[in-house]
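Trainee: no sequence for this one, just the structure:
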Ligand SMILES: Nc1nc2c(ncn2[C@@H]2O[C@H](COP(=O)(O)OP(=O)(O)OP(=O)(O)O)[C@@H](O)[C@H]2O)c(=O)[nH]1
Ligand SMILES: [Mg+2]
């Protein structure tokens, strides 16, 4: 995300009442597949719910405006909600997406305890590798299925307390950072997002102008060392490679839309990609890049990507 700084439309003395300030914040929604990340965003942004399940390929970004009370008056907050693929195999893409985030929403599924365990096993360490101490709101979703629950609010709080102690801004000084939600009924959904909004406004503004750049460099380093020994690993590398190399051409959202289209055209199931499917994607991406890049550059990209593929077993 390029525009990470607060935008201040209109001139207003600092600290005045009736503030006309809009602050933009990038928030990542993370957690295992099918915990309900997309459903939570859909409920919060559009007040809708859908029982069918379509796994998110790559990422989808939605925007939600809200007003947050601060000691200096109300602040208009624009949340850019990055809803990410929940498959932990997309390590490089996750690292790449985390860079520049101001906060996170960690989601688990109340009916599957392993989704809570994977916070500690995968999501929290992955996030901490890329970004510094950012506010996090912790959600156990599908509260409407309480009869099938495999853990409760106390277990959730215990897990959160364990990893919050070393991170001061996660301590929830002025409020709750854990929620039992239901994207289906809407229970606690706005409350959870609004709690993060308040935490974001409480946390100190980005201190270091090089922080974004630093996080991006860390993320790219992690992406390069990610496992490419499986079709999913190569697909993961391809997604980052395409997004990163099209940064000069167009916005990340556009890159992701293009990628999703090519992934679909290649007939790839992002949960179980095959070598043949990934090869088709490489050719599709070359074709797409041919529309706006030099032939020599397209050929270089294609060769590099086919090189990753050649490391895979037949
Ligand atoms: N009963 C119930 N079902 C839910 C709830 N939230 C989501 N679901 C269902 O759970 C399934 C998965 O939801 P998604 O929102 O697509 O999950 P996700 O975390 O985005 O999954 P990935 O994109 O694969 O990472 C869908 O069938 C949803 O309808 C909820 O609060 N209650
Ligand atoms: Mg999803």
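Mentor: Arrived safely, thanks for sending. Here the structure is a predicted model, which means the values were calculated and not measured. Numbering: from 1, shown residues only. Ligands and ions are numbered 1, 2, ... in the order given.
Trainee: Look at residue 104 and give its secondary structure.
Mentor: Recorded secondary structure, residue 104: strand (DSSP: H, G, I helix; E, B strand; the rest coil).
Trainee: pLDDT value on it, please?
Mentor: Note on residue 104: pLDDT of 95.
Trainee: In the protein, mark out all the strands, start to finish.
Mentor: In the chain, strands defined by DSSP state E lie at 22-30, 59-70, 73-84, 103-109, 136-141, 178-180, listed in chain order.
Trainee: With mean neighbour count and distance to ligand 1 added, can I get those in CSV?
Mentor: Glycine gets a C-beta too; all of them are placed from N, C-alpha and C. Shown next, in CSV, are the strands of the chain (neighbours: other Cβ atoms under 10 Å; distance: least, Cβ to the nearest ligand atom, whole Å):
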stretch, mean neighbour count, distance to ligand 1
strand 22-30, 23, 8
strand 59-70, 15, 9
strand 73-84, 20, 6
strand 103-109, 25, 6
strand 136-141, 28, 5
strand 178-180, 21, 10
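Trainee: do you know which of those strands lies nearest residue 230?
Mentor: strand 73-84 (19.3 Å; Cβ to Cβ).
Trainee: Indicate which one of the strands of the chain is closest to residue 249.
Mentor: Short answer: strand 59-70, nearest of the strands of the chain by Cβ to Cβ, at 17.8 Å.
Trainee: and the closest one, how far out from the chain's middle?
Mentor: 14 Å (Cα atoms, centre = their mean, to the nearest Å).
Trainee: Can you tell me what sits against that strand?
Mentor: With contact meaning Cβ atoms under 8 Å, 6 or more residues apart in numbering, strand 59-70 is reached by 19, 38, 41, 44-45, 74-85, 93, 97, 193-194, 197-198, 200-202, 252-253, 256.
Trainee: Adding distance to residue 306, write the strands of the chain out as JSON lines.
Mentor: Below are these laid out as JSON lines (distance: least, Cβ to Cβ, whole Å):
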{"stretch": "strand 22-30", "distance to residue 306": "31"}
{"stretch": "strand 59-70", "distance to residue 306": "25"}
{"stretch": "strand 73-84", "distance to residue 306": "27"}
{"stretch": "strand 103-109", "distance to residue 306": "35"}
{"stretch": "strand 136-141", "distance to residue 306": "39"}
{"stretch": "strand 178-180", "distance to residue 306": "46"}
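Trainee: This structure - how does it break down into domains?
Mentor: As recorded under automatic domain parsing, the domains making up the chain are 11-200, 227-309.
Trainee: Adding distance to residue 217 as columns, could you present those in CSV?
Mentor: What follows is the domains of the chain, written out as CSV (distance: least, Cβ to Cβ, whole Å):
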stretch, distance to residue 217
domain 11-200, 9
domain 227-309, 12
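Trainee: Ok, which of the ones you listed comes nearest ligand 2?
Mentor: domain 11-200 (3.1 Å; Cβ to the ion).
Trainee: ok, and the closest non-adjacent residue to residue 277?
Mentor: Of all residues not flanking residue 277 in the chain, residue 268 sits nearest, at 4.1 Å (Cβ to Cβ, 6 or more residues apart in numbering).
Trainee: Which of the domains of the chain comes out lowest on mean pLDDT?
Mentor: Among these, domain 11-200 scores lowest, at a mean of 89.
Trainee: Next up, the contacts around the one residue in the stretch 1-150 of the chain that gets nearest to ligand 1.
Mentor: Here the residue of the stretch 1-150 of the chain nearest ligand 1 is residue 86; by Cβ to the nearest ligand atom that distance is 2.6 Å. Going by Cβ under 8 Å, 6+ apart, residue 86 touches 30-35, 37, 55-56.
Trainee: Same question for residue 254.
Mentor: Contact partners of residue 254, counting by Cβ under 8 Å, 6+ apart, are residue 246.
Trainee: ok, back up a step: which phi and psi values does the residue nearest to residue 277 adopt?
Mentor: Main-chain torsions, residue 268, degrees, to the nearest 10: phi -90, psi 130.
Trainee: separation between it and residue 193?
Mentor: 32 Å (Cβ to Cβ, to the nearest Å).
Trainee: For these two, indicate the residue with more neighbours.
Mentor: A count of neighbours by other Cβ atoms under 10 Å puts residue 193 above the other of residue 268 and residue 193, at 25 against 21.
Trainee: Surely the more buried one and residue 105 touch.
Mentor: Yes. If you go by Cβ atoms under 8 Å, residue 193 and residue 105 touch, sitting 7.5 Å apart.
Trainee: Perfect, that will be all.
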